[in-house]
Every structure is written in structure tokens, then in C-alpha cells.
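J.: Fold the stuff below for me.
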Amino acid sequence: MGGASAGVAAAMARARRRVISHFMSRNAVTPENAVSFTPERRMERKFFDRLREKGVLAPGEAGTYYLDAPKLDAYQQSRRKRMGIALAGLAAALAAGVGIGLLG
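T.: Residues are numbered from 1 along each chain as shown. Sure thing, here's the model as predicted:
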């Protein structure tokens, strides 16, 4: 992974942790415990918006949100599966490259 790509991946991971931690640390997992959230960085805004679109962050009253725990779990499992597929594809491509190098 190049320097810029690694930086973006690190920033997204940090945003993911910050957004989820914001709600978890406040026990905002039910409509009654919904809290507000103001993203500090652009990546946090993007991740927050993505979680709202996926239904992982459900709206509460007056601009508040809470984590829908089952949807968060499903989202994280789907994300892990996509990452596994991507890594398997990369490994296959590297193996093919090595195989071609050995044959050529």
C-alpha cells in the first residue's frame, strides 16, 4: 500500500473508531439513550453518513441517533467478508505473478 493510500486507510479506521466509540461510550444503543453527534473531520462525516444510510445509526428525537447493535454487527461482518474477498484476490494475483515468474 502506498503512503497516501495507507494514510487514507488509517484516517478511515480512526474515523470508524471515533464514531462508533462516541455512541458506545454513551450507551446510545436504544432510542431512549440516543445522543447527538458532530463530526470533527471530513472522514468522520463520511462514515457517520454511511452508517445512517445503512440504518446502523437510527434517528432518535431532535437530531439524536443511536446504534442499532444488530445492524452494526451485520455491517461489520459484511465489511470483514468484503475485506477477506479482496485479500484473497490479491493473494491469488500475487501467486499467479510468482507462478508466471517461475515459468518464464
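
J.: In contact with the most centrally placed residue in the chain, which residues?
T.: When CA atoms, centre = their mean is applied to the chain, the residue found nearest the centroid is Arg16 (5.2 Å). Arg16 makes contact with Phe47, according to CB atoms under 8 Å, 6 or more residues apart in numbering. No exception for glycine: its C-beta is placed from N, CA and C like everyone else's.

J.: In which helix or strand does it reside?
T.: Taking DSSP states H and E as the criterion, Arg16 maps to helix 3-25.

J.: The residue nearest to the centre of the chain and Glu32: what is the separation?
T.: Separation of Arg16 from Glu32 (CB to CB, to the nearest Å) stands at 25 Å.

J.: so is the closest residue to His22 other than its chain neighbours in a helix, a strand, or just coil?
T.: Sequence neighbours aside, Phe37 is the residue nearest to His22 in space, at 5.7 Å (criterion: CB to CB, 6 or more residues apart in numbering). On the three-state scheme (DSSP: H, G, I helix; E, B strand; the rest coil), Phe37 is labelled coil.

J.: Going along the chain, name the helices of the chain.
T.: Secondary structure of the chain (DSSP state H): helices at 3-25, 42-53, 69-103.
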